[in-house]
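Here's my sequence, what's the structure:
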Amino acid sequence: MVVTDDSSSSFVQYGIDDKPPLPTSLLLGVQHYLTMVGANIAVPLILAGVLGMPDEVVPRFVGTFFVVSGIATLMQTTFGNRYPIVQGAPFSMLAPAIAVIGVVKATDPAGVAWQTALLQLQGAIIVAAAVEVLVGYFGLLGRLRKFISPVVIAPTIALIGLSLFDVPQVTSATNNWWLLGLTLALIVLFSQYLDTTHPAFKLFPVLLGVFVSYVIAAALSLTGYIAPGAPGFVDLGQVASAPALMPIYPLQWGFAGGAGTTTVALPVVGTVAFGIPQFTTSFIIGMLAGVAASMVESFGDYHAVARLSGVGAPSERRINHGIGMEGLMNIFSAVMGGSGSTSYSENIGAIGLTGVASRYVVQVGAGVMLLMGFVGYFGQLIATIPGPIVGGLYIAMFGQIVAVGLSNLKYVDLDSSRNIFVIGVAMFAGLAIPAYMGNVGSAETFRQGMSQVAVLGPILGSQIIADTVFVIGSTGMAVGGLFAFFFDNTIEGTRVERGLEEWEDTVEEDGEFTSAIDRLRDDAPSTAD
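Numbering: from 1, shown residues only. The predicted structure is shown next:
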């Protein structure tokens with residue numbers, strides 16, 4: 001039987017299985033998604049720039065990511081781990097994606113069509129994600145569960161929150177600090193000071209904070225107090241110029257006469273070009289590193305969302321179902337022309353601020369995002385949310401995740417010098433090594449440097465080794481988690497000292513996780529006599 005944390009349970013306003021009224025769920029669901037739109041837009045915009053994608057195609061590219069996010073979230077919350085966790089475009093797969101695009105474009109000095117590079121990226125993701133499906137449904141990641149203690153989980157989750165402390169929306173020297181401060185102040189005011197005065201402040205602090213800040217920023221932009229191009233400027237003209245509806249469908253990035261493109265004549269629609277993903281071994285190997293980092297990150301996310309939702313830590317079976325479904329949704333994303341899908345830490349922070357951990361709420365929000373992905377006005381409206389407002393969101397939400405990670409230390413003996421060493425080194429490495437990788441600049445540069453190492457250079461400089469180290473080394477929580485995992489399982493320490501005895505009382509049994517398939521099988525009429 002799972003023992004939940006009393007303080008966490010009392011904090012939760014709507015539990016995982018609760019279903020608030022539909023109007024309330026609509027607002028709460030949109031709020032959950034509002035926390036991650038900045039990241040889910042940043043990934044396609046970065047890729048569009050690297051690809052050299054025409055401006056008129058970008059809204060449709062962004063819309064594709066929201067359609068994928070909506071469907072992936074519905075699948076994960078229904079058939080996967082069934083946690084109230086949003087799925088979106090992974091940053092961990094961005095570095096190998098950029099590397100793939102760069103190599104493809106470099107093969108033609110005159111510039112290869114952006115569709116060609118995108119088809120190669122789709123093929124690499126499909127194969128790498130197939131490996132993730134096998135890792136999940138064969139239970140390979142879940143089996144590590146028995147070797148992971150709170151000493152490992154605490155720095156891993158904390159580093160999820162710390163990973164975005166230096167994003168431009170927060171630390172840019174030209175940031176609009178009053179707008180960032182206003183957004184943060186409003187979220188704090190609603191969620192911490194006014195939360196007991198009215199239910200709306202407790203349930204919708206993020207939505208209210210962003211809405212008020214956005215309206216003020218838009219008004220100041222229209223009146224000229226915020227100049228065009230300045231941080232905080234809201235360009236409402238972009239919304240009016242966006243297409244009303246956008247066609248989004250599988251294999252949509254083909255082009256007539258291009259390699260890997262099949263043209264099909266359809267009734268009414270006419271001739272449609274379908275882009276067939278291309279498969280290149282070196283690109284697949286590089287993408288495997290991104291998928292590996294994504295799995296480690298999701299492992300930490302599952303523990304964070306369970307803790308904030310007031311339920312026991314995830315069982316091995318729940319972890320396996322979650323990772324397997326993420327692999328399937330990565331394949332789906334690639335087929336649709338996206339760049340992958342993974343669990344998002346942003347909405348976990350929203351659970352911490354609002355106490356809304358309802359699976360139903362997240363599913364309703366996913367449905368809204370799925371539909372809105374086809375609406376050009378929506379994508380452009382979301383894109384006009386100023387960076388400083390997103391920065392205020394990040395400080396509130398990711399700070400919450402840091403605290404959630406550290407709260408796992410309540411099970412650990414903090415008088416143990418052994419534990420202090422493991423936690424400290426893991427946290428420091430999780431910040432320092434990604435900073436080093438960022439200074440290196442790119443996977444290609446890192447690969448060249450590794451190839452110069454004495455004796456081992458030919459091995460360390462190979463693409464599979466160098467790219468894997470670069471991508472995982474660029475992911476703070478992966479680095480910190482691996483350091484903590486190694487030290488915690490090799491340095492002598494008792495189970496009580498490591499917090500395992502008390503912590504394992506909170507872990508759900510495998511039998512307590514019921515997948516959607518199990519439910520269907522249990523509800524099916526018996527054929528027995």
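
Where does pLDDT dip in the chain?
The chain contains residues with pLDDT under 70 at 1-10, 38, 106-112, 255-272, 516-529.

Let me know whether residue 334 touches residue 277 as I believe.
Yes: using C-beta atoms under 8 Å, residue 334 is in contact with residue 277, at 6.6 Å. Every C-beta, even on glycine, is put in place using the N, C-alpha and C of the backbone.

Look at those two and report which has more neighbours.
Each of residue 334 and residue 277 has its neighbours counted (other C-beta atoms under 10 Å); residue 334 has more, 27 against 20.

Secondary structure element holding the more buried one?
helix 316-336 (DSSP states H and E).

Tell me the helices and strands packed up against that helix.
With contacts defined as 3 or more C-beta pairs under 8 Å, 6 or more residues apart in numbering; DSSP states H and E, helix 316-336 has these neighbours: helix 58-79, helix 114-137, helix 281-308, strand 342-343.

Any chance of JSON lines for those, columns mean neighbour count?
Output for the helices and strands packed on helix 316-336, formatted as JSON lines (neighbours: other C-beta atoms under 10 Å):
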{"stretch": "helix 58-79", "mean neighbour count": "24"}
{"stretch": "helix 114-137", "mean neighbour count": "23"}
{"stretch": "helix 281-308", "mean neighbour count": "24"}
{"stretch": "strand 342-343", "mean neighbour count": "30"}
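
Among those, which comes closest to residue 381?
Of all the helices and strands packed on helix 316-336, it is helix 58-79 that lies closest to residue 381, at 10.7 Å by C-beta to C-beta.

The closest one to helix 281-308, inter-axis angle?
For helix 58-79 against helix 281-308, the angle by axes from the mean of the first three to the mean of the last three C-alpha atoms, to 10 degrees is 60 degrees.

Taking helix 316-336 as reference, get the angle to helix 58-79.
150 degrees.

Name the next helix or strand following helix 58-79 along the chain.
Once the chain leaves helix 58-79, the next helix or strand it forms, by DSSP H and E, is strand 87-88.

What strands line up against that following strand, and which way round?
Its sheet considered, strand 87-88 pairs with strand 342-343 (antiparallel) by DSSP bridges.

chain center to the helix or strand following the strand it pairs with, what's the gap?
Using DSSP H and E, the helix or strand that follows strand 342-343 in sequence is helix 346-354. Centre-to-centre, helix 346-354 and its host chain are 13 Å apart (C-alpha atoms, centre = their mean, to the nearest Å).

just so I know, which of the helices and strands packed on helix 316-336 lies nearest residue 192?
Closest of the helices and strands packed on helix 316-336 to residue 192 is helix 281-308, at 15.9 Å (criterion: C-beta to C-beta).

As PDB, could you dump the C-alpha coordinates of stretch 428-436?
Taking C-alpha atoms only, stretch 428-436 is exported to PDB below (Å, rounded to 0.1, in the frame of the first residue of the first chain):
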ATOM      1  CA  PHE A 428      27.900  21.100  -8.800                       C
ATOM      2  CA  ALA A 429      28.700  18.800 -11.700                       C
ATOM      3  CA  GLY A 430      25.100  19.200 -13.000                       C
ATOM      4  CA  LEU A 431      25.700  22.900 -13.300                       C
ATOM      5  CA  ALA A 432      29.400  23.000 -14.300                       C
ATOM      6  CA  ILE A 433      29.500  20.400 -17.000                       C
ATOM      7  CA  PRO A 434      26.600  21.700 -19.100                       C
ATOM      8  CA  ALA A 435      28.200  25.200 -18.800                       C
ATOM      9  CA  TYR A 436      31.400  23.700 -20.200                       C
END
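
can you list contacts of that stretch?
The contact list for stretch 428-436, computed with C-beta atoms under 8 Å, 6 or more residues apart in numbering, reads 155, 159, 162-163, 473-477, 479-481, 483.

Tell me which two in these are the farthest apart.
155 and 474 (17.1 Å).

sorry, back to before: any chance of the helices and strands packed on helix 316-336 in JSON lines with distance to residue 45 as columns?
Formatted as JSON lines, the helices and strands packed on helix 316-336 follow (distance: least, C-beta to C-beta, whole Å):
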{"stretch": "helix 58-79", "distance to residue 45": "7"}
{"stretch": "helix 114-137", "distance to residue 45": "14"}
{"stretch": "helix 281-308", "distance to residue 45": "18"}
{"stretch": "strand 342-343", "distance to residue 45": "18"}
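
right, and the ones you listed - which one's nearest residue 232?
Evaluated with C-beta to C-beta, the helices and strands packed on helix 316-336 place helix 58-79 nearest to residue 232, the distance being 21.0 Å.

elements contacting that closest one?
Partner elements for helix 58-79 (3+ C-beta pairs under 8 Å, 6+ apart): helix 37-51, strand 87-88, helix 316-336, helix 359-372, helix 376-383, helix 516-523.

Go again with 10 Å.
helix 22-34, helix 37-51, strand 87-88, helix 316-336, strand 342-343, helix 359-372, helix 376-383, helix 516-523 (3 or more C-beta pairs under 10 Å, 6 or more residues apart in numbering; DSSP states H and E).

and the angle from the longest one to helix 114-137?
What separates the directions of helix 316-336 and helix 114-137 is an angle of 160 degrees, with the same axes, to 10 degrees.

Distance from the chain centre to helix 316-336, please.
13 Å.

Then stretch 224-231?
Here the centre of stretch 224-231 is set off from its chain's centre by 31 Å, with C-alpha atoms, centre = their mean.

Output it as CSV - backbone C-alpha positions only.
Extracted C-alpha coordinates of stretch 224-231, given in CSV (Å, rounded to 0.1, in the frame of the first residue of the first chain):
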residue,chain,number,x,y,z
GLY,A,224,4.2,53.7,-27.9
TYR,A,225,5.6,53.4,-24.4
ILE,A,226,7.2,50.2,-25.4
ALA,A,227,8.9,50.6,-28.8
PRO,A,228,8.8,48.0,-31.6
GLY,A,229,11.6,45.5,-31.1
ALA,A,230,12.1,46.4,-27.5
PRO,A,231,11.8,43.7,-24.8
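
In that stretch, which residues are buried?
Residues of stretch 224-231 classed as buried by neighbour count (16 or more other C-beta atoms under 10 Å): 226, 231.

Please produce CSV containing the helices and strands packed on helix 58-79, extended by distance to residue 168.
Output for these, formatted as CSV (distance: least, C-beta to C-beta, whole Å):
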stretch, distance to residue 168
helix 22-34, 19
helix 37-51, 10
strand 87-88, 19
helix 316-336, 25
strand 342-343, 22
helix 359-372, 24
helix 376-383, 16
helix 516-523, 40
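
just to revisit the earlier point, could you work out which of the helices and strands packed on helix 316-336 reaches nearest to residue 455?
Nearest of the helices and strands packed on helix 316-336 to residue 455, taken as C-beta to C-beta: helix 281-308 at 22.8 Å.

ok, back up a step: more neighbours, residue 155 and residue 474?
Just comparing residue 155 and residue 474: by other C-beta under 10 Å the higher neighbour count belongs to residue 155, 32 against 26.

Quick check: closest non-adjacent residue to residue 246.
Among residues not flanking residue 246 along the chain, residue 60 sits closest, at 4.5 Å (C-beta to C-beta, 6 or more residues apart in numbering).
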